[in-house]
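In: from the sequence below, what's the structure:
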Amino acid sequence: MTHADDTIRVLIPLKVRKKNGRPKILPPADYLPSEDQTQDPHILRAIGRAWSWRRQLETGAASTIQDIAAAEKVSDRFVSRMMRFAYLSPEVLDNLVIRRVPLALSLNDLVAVADRPWAEQMDMVFELPET
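Out: Prediction:
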């Protein structure tokens with residue numbers, strides 16, 4: 001048995017609103033995410049899609065980029081371009097996805113960086129402080 005003294009109650013002031021028929025949890029109006037936890041959701045989504053598509057090709061769930069494009073209802077050129085995110089260096093991915101370091105360039109420019117050698121990517125993607 002638990003007593004009233006053993007109970008810890010945590011109140012988190014969130015609002016639930018419907019968006020496109022689905023419930024969406026909203027943070028309190030005065031909530032400001034810390035800088036280290038912010039990241040453009042478009043970047044995270046693009047990286048996630050690229051890895052999903054890469055996995056489909058590697059496991060045989062999809063035979064070609066054209067198969068993925070047809071399933072996703074996008075052009076094969078788009079899939080091919082976005083797949084490059086799956087080949088970013090592990091260090092860049094760690095900084096983008098885990099540490100949430102903001103980019104110093106646009107999403108379109110990041111696609112071009114993925115073609116570069118891993119050793120060059122960090123300096124191109126993030127504005128590193130000069131030492």
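In: helix/strand/coil for K24?
Out: strand (DSSP: H, G, I helix; E, B strand; the rest coil).
In: surely it and K15 touch.
Out: No: using C-beta atoms under 8 Å, K24 is not in contact with K15, being 9.0 Å away. Quick note: C-beta positions are derived from backbone N, CA and C, even for glycine.
In: residue nearest the middle of this protein, spatially speaking?
Out: Centroid-nearest residue in the chain: L44, 1.2 Å away (criterion: C-alpha atoms, centre = their mean).
In: now that one: how far from E72?
Out: 17 Å (C-beta to C-beta, to the nearest Å).
In: longest helix of this protein?
Out: helix 41-59 (DSSP state H).
In: contacts for that helix next, please.
Out: For helix 41-59, the surrounding residues in contact (C-beta atoms under 8 Å, 6 or more residues apart in numbering) are 61-65, 68, 79, 82-86, 88, 93, 96-97, 103, 107, 110.
In: what is the orientation angle of the following helix or strand past that helix with helix 41-59?
Out: As assigned by DSSP states H and E, the chain's next helix or strand after helix 41-59 is helix 65-72. Helix 65-72 and helix 41-59 are oriented at 130 degrees to each other (axes from the mean of the first three to the mean of the last three C-alpha atoms, to 10 degrees).
In: which elements pack onto the following helix or strand past helix 65-72?
Out: With elements assigned by DSSP H and E, the helix or strand that comes after helix 65-72 is helix 76-82. The contact analysis (3 or more C-beta pairs under 8 Å, 6 or more residues apart in numbering; DSSP states H and E) places helix 76-82 against helix 41-59, helix 65-72.
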